[in-house]
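*Asks:* 3D, please:
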Amino acid sequence: QVQLVESGGGLVQAGGSLRLSCAASGRTFSNYAMGWFRQAPGKEREFVAAISWSGGSTSYADSVKGRFTITRDNAKNTVYLQMNSLKSEDTAVYSCAARWMMYGSNDKEYNYWGQGTQVTVSS
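*Replies:* Numbers count the residues shown, from 1 in each chain. The predicted model follows:
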């Protein structure tokens, strides 16, 4: 089992920045690829970003490319999502997720999920 706890969400004005953190416990964190997903009210969950187990490879949704950066610190068992130039359409509950070794954008392939943290961007 892997337990994931997100933090760092909040209310920010459009154009502002936030950094989300996801702390992991349980199994060996460095064996897991990590992803960030988000779900806005009335919409399906969507992929935001993913990072390989080593941190050497990353992937982003087109909607956040160039604005968001995913990183991880395996010594701290934590993955981060730096969000810059935030837009109102970024408003959603952001959740981190873990999957064994291979990273990707398909949420069905992730085994463990955090409870989510709310990000609200005011225009």
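*Asks:* grab the most central residue of this protein for me.
*Replies:* In the chain, the C-alpha nearest the mean C-alpha coordinate belongs to residue 36, at 2.4 Å (CA atoms, centre = their mean).
*Asks:* any idea how far residue 93 lies from residue 41?
*Replies:* 9 Å (CB to CB, to the nearest Å). Just so you know, the C-beta spots here come from the backbone N, C-alpha and C atoms, and that holds for glycine as well.
*Asks:* residue 13 too?
*Replies:* The value you get for residue 13 to residue 41, if CB to CB is used, is 20 Å.
*Asks:* coming back round to it: assumed the residue nearest to the centre of the chain was part of a strand.
*Replies:* Yes - looking at residue 36 with DSSP: H, G, I helix; E, B strand; the rest coil, it is inside a strand.
*Asks:* excluding chain neighbours, what is closest to it?
*Replies:* Distances taken as CB to CB, 6 or more residues apart in numbering place residue 48 nearest to residue 36, at 4.3 Å, with adjacent residues excluded.
*Asks:* report the contact partners of that neighbour.
*Replies:* Counting by CB atoms under 8 Å, 6 or more residues apart in numbering, residue 48 makes contact with 35, 36, 37, 38, 60, 61, 64, 68, 81, 94.
*Asks:* want to throw the residues you listed into TSV with pLDDT?
*Replies:* Rendered in TSV, the data for these read as follows (pLDDT from 0 to 100):
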residue	pLDDT
35	98
36	98
37	98
38	98
60	98
61	98
64	98
68	98
81	98
94	98
